[in-house]
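> any chance you can model this:
(one chain, ligands or ions: 1)
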Amino acid sequence: MFRWIGFSALLVVVLTGTTTVAVGKEEIKDPNVSYRVNVMRSIGSNMGGIGDILKNNLPFQEALATHARNIESSGKLVAMAFEKEAKDPASTALPDIWKDFAKFKAGTDEMVKAAGAFAAATESGDKGRIMGALKELGGTCKECHKAFREKRN
Ligand code: HEC
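Take a look at the predicted model:
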């Protein structure tokens, strides 16, 4: 019992400030929406890291495969995270997701596949192949956002 209480207190400390995320200045109240946005942000952060390395030729080339694999594994959580039609004023998800969930899910599969292919390309060390695979991966983000995400500034 004592151990459990200690663990809960620790979780509260560790998670404070991270359980709700904000889009712009708006705070997300629905935990389902908060979760799916956190999953999507982890994918976004890994893409950001890939961009930093490639654009600036940073000495972390071997980290590219890790970022790609991170996107591949987080990508597998996306369909599950969006399955429930949860709404929040701060969300940019369009209702079309739940009108054609099969198409949305297919989009997540495309991303997972492209992330795996990008990981394999980085391991080949071939710059042309790396850039080609990255373009494919980025295309899967764009395609889904265009169809299923509201444009906001
Ligand atoms: C199958 C559809 C789909 C794919 C593929 C997809 N996204 Fe998203 N993404 C969404 C939706 C829908 C939202 C809006 C979620 C919300 O606001 O409820 C979103 C939101 C985001 C956000 C914003 C999170 C925030 O702070 O509000 C980022 C960053 C993001 N995606 C990055 C990416 C990147 C990078 C990729 C490609 C590697 C990608 N996404 C691929 C559907 C997708």
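> going by C-alpha atoms from here, please, whenever you check contacts or count neighbours.
Fine.
> what about the helices in the chain?
Counting by DSSP state H, the chain has helices at residues 2-15, 31-56, 63-82, 96-99, 101-124, 127-148.
> what residues does the chain have near the ligand?
23, 33, 37, 40-41, 43-44, 47, 91-93, 104-105, 107-108, 111, 137-138, 140-141, 144-145, 148-149 (CA under 6 Å from any ligand atom).
> can I get the buried part of these as one ChimeraX selection?
This is how ChimeraX selects the buried members of those, with burial counted by 16 or more other CA atoms under 10 Å:
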select :33,37,40,43,47,91,92,93,104,105,107,108,111,137,140,141,144,145,148,149
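> and the nearest residue to Ala93 once chain neighbours are set aside, what does it touch?
Excluding the flanking residues, the one nearest Ala93 by CA to CA, 6 or more residues apart in numbering is Arg149, at 4.8 Å. Taking CA atoms under 8 Å, 6 or more residues apart in numbering, we find Arg149 in contact with 92-94.
> can you flag the weakest of the helices of the chain by average pLDDT?
Confidence, taken as mean pLDDT, is least for helix 2-15 of the helices of the chain (a mean of 48).
> show the pLDDT at the residue nearest to Ala93.
Arg149 is given a pLDDT of 97.
> contact partners for Ala65?
Here Ala65 is in contact with 118-120, 122-123 (CA under 8 Å, 6+ apart).
> got those residues as CSV, with neighbour count columns?
Below are the contacts of Ala65 laid out as CSV (neighbours: other CA atoms under 10 Å):
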residue, neighbour count
Phe118, 27
Ala119, 24
Ala120, 17
Thr122, 22
Glu123, 14
